[in-house]
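Colleague: heads up, no residue letters with this:
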């Protein structure tokens, strides 16, 4: 058997390709950013053609770096930014419109209307999700209603939809020349269109959004021995490699963190923060603002479910300091600047740029910096930004404890912000539990590789994957309980100041 497994990680700000060996160690990678298109306030788009071009380039470059060919890869996996919706023409391969990104808020009226007339309760029961701008269903409806010719093309069967996993997979398996229109259960569970119990598209939910069923991809297991097809674009791999894994990015990170037992949780720090708690085969309905979602499904085994706390703005708040406020030149400088002061000086920053996600689900909220005085400096704002990431995670941890009865002993973390030692120390202080980082921090790509490799026997079982996990660093809480309680109480006051800012019909 070949010695390696590859994974495409199509994220919100960039696309990367990573290659792993049997020990779960990184062999090679290449990564490229793509443009963030912001046509107006609250709108966030990507160019799907650019994403595909970046995918081809990163795969080719990483393979060349490692001096590998198709024969060296046992399988390929895909992981992706979830909820970001692409609608394209299956005959020409051209998108009808830019990809509408998960952060986009243009569908707030669609979401609000669903909640006003009771359809929102049906969506919560069947899909495990609240009506929100976050998810794909409203984005598809918006494209059908606002882009000329798409409704008619959808009725003909020419206009098809997918999250970015489906877009990459369709192109990778041939595109207009027989590309496979598929997705997995984790991505499908982020649309407001899939029934969590049947793991199939639900006609009642489709009717709420007036979406023709023929637009939607076939739903498959996250790890599929029957394959999603073969990667066969000319010259890139020098042959064909089976595509056997597909997971939304946060579910992939959960697999990469080997959270296979009920009660195990991870938190990924990226553009936003995403905490998942494995609930096993039990479908736990949240009473505290969390999402019920599919964690993964391996082959014919029963699906594993999770509770998820999704936070819209964390790493992108640091980018805001760099790109809009210009108080840092690089994201890594946030730690140095924030370290110039011992605390935030009474400043709290709630980065509700896209409203508030879990556990509040308030599309009427907008960002606010409160507690400012003449004493405060850019260093206090930088530190308040790092604290906002950690306090938002505390909101989710508390909601998970209320829903599941599980109290965390340790929080496994991954993603870019885990390189920020100060941020991770604050996270341990805010939560009052140790924070643990694995040796392989890029767990999203690793999880996709694991799913693909399990399908072809590259790894025998999840026990073998557990043996690959090793801790790189641990942060212990240092705050007193009084500090923790006082800080969190003021955070909750700051959150209240962001609410009811935007009028939502």
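Modeller: The structure has been received and is ready for your questions. No experiment lies behind these values; they were computed from the predicted model shown. Residues are numbered from 1 along each chain as shown.

Colleague: can you give me phi and psi for the closest residue in space to residue 24 that isn't next to it in sequence?
Modeller: Residue nearest to residue 24 in three dimensions, not counting chain neighbours: residue 468, with 3.5 Å by Cβ to Cβ, 6 or more residues apart in numbering. Yep, even glycine has a C-beta here, placed from its N, CA and C like the rest. For residue 468, the backbone dihedrals are phi -80, psi -20 (criterion: degrees, to the nearest 10).

Colleague: Run through the strands of the stretch 1-150 of the chain in chain order.
Modeller: Taking DSSP state E, counting those that start in this stretch as the criterion, the stretch 1-150 of the chain contains strands spanning 4-10, 14-20, 26-33, 45-46, 73-80, 85-89, 99-100.

Colleague: Just put those in a markdown table and tack on mean pLDDT, distance to residue 372 and mean neighbour count.
Modeller: Converted to a markdown table, these look like this (pLDDT from 0 to 100; distance: least, Cβ to Cβ, whole Å; neighbours: other Cβ atoms under 10 Å):
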| stretch | mean pLDDT | distance to residue 372 | mean neighbour count |
| --- | --- | --- | --- |
| strand 4-10 | 97 | 38 | 28 |
| strand 14-20 | 95 | 34 | 24 |
| strand 26-33 | 94 | 33 | 17 |
| strand 45-46 | 98 | 33 | 21 |
| strand 73-80 | 96 | 39 | 30 |
| strand 85-89 | 98 | 38 | 25 |
| strand 99-100 | 98 | 35 | 26 |
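
Colleague: among those strands, which is nearest residue 417?
Modeller: Nearest to residue 417 among those is strand 14-20; the distance by Cβ to Cβ comes to 15.1 Å.

Colleague: tilt between that closest one and strand 26-33?
Modeller: The directions of strand 14-20 and strand 26-33 differ by 170 degrees, with axes from the mean of the first three to the mean of the last three Cα atoms, to 10 degrees as the criterion.

Colleague: Please name the residues that touch residue 465.
Modeller: The contact partners of residue 465, by Cβ atoms under 8 Å, 6 or more residues apart in numbering, come to 24, 255, 258, 260, 450, 454, 459.

Colleague: go on, residue 123?
Modeller: With contacts taken as Cβ under 8 Å, 6+ apart, residue 123 has the following neighbours: 114, 129, 130, 131, 192, 205, 208.

Colleague: pLDDT value on the fourth one, please?
Modeller: Right, the one you point to is residue 131. The confidence metric pLDDT takes the value 92 at residue 131.

Colleague: Near the residue nearest to it when sequence neighbours are not counted, how many residues? Count them for me, please.
Modeller: The shortest distance from residue 131 to any residue other than its chain neighbours is 3.9 Å, reached at residue 114 (Cβ to Cβ, 6+ apart). Other residues near residue 114 number 23, with proximity taken as other Cβ atoms under 10 Å.

Colleague: do the same with residue 379
Modeller: Residues contacting residue 379 under the criterion other Cβ under 10 Å number 18.

Colleague: hang on, the earlier thing: could you export the strands of the stretch 1-150 of the chain as JSON lines, including distance to residue 329?
Modeller: As requested, those are arranged in JSON lines below (distance: least, Cβ to Cβ, whole Å):
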{"stretch": "strand 4-10", "distance to residue 329": "26"}
{"stretch": "strand 14-20", "distance to residue 329": "19"}
{"stretch": "strand 26-33", "distance to residue 329": "17"}
{"stretch": "strand 45-46", "distance to residue 329": "25"}
{"stretch": "strand 73-80", "distance to residue 329": "30"}
{"stretch": "strand 85-89", "distance to residue 329": "33"}
{"stretch": "strand 99-100", "distance to residue 329": "29"}
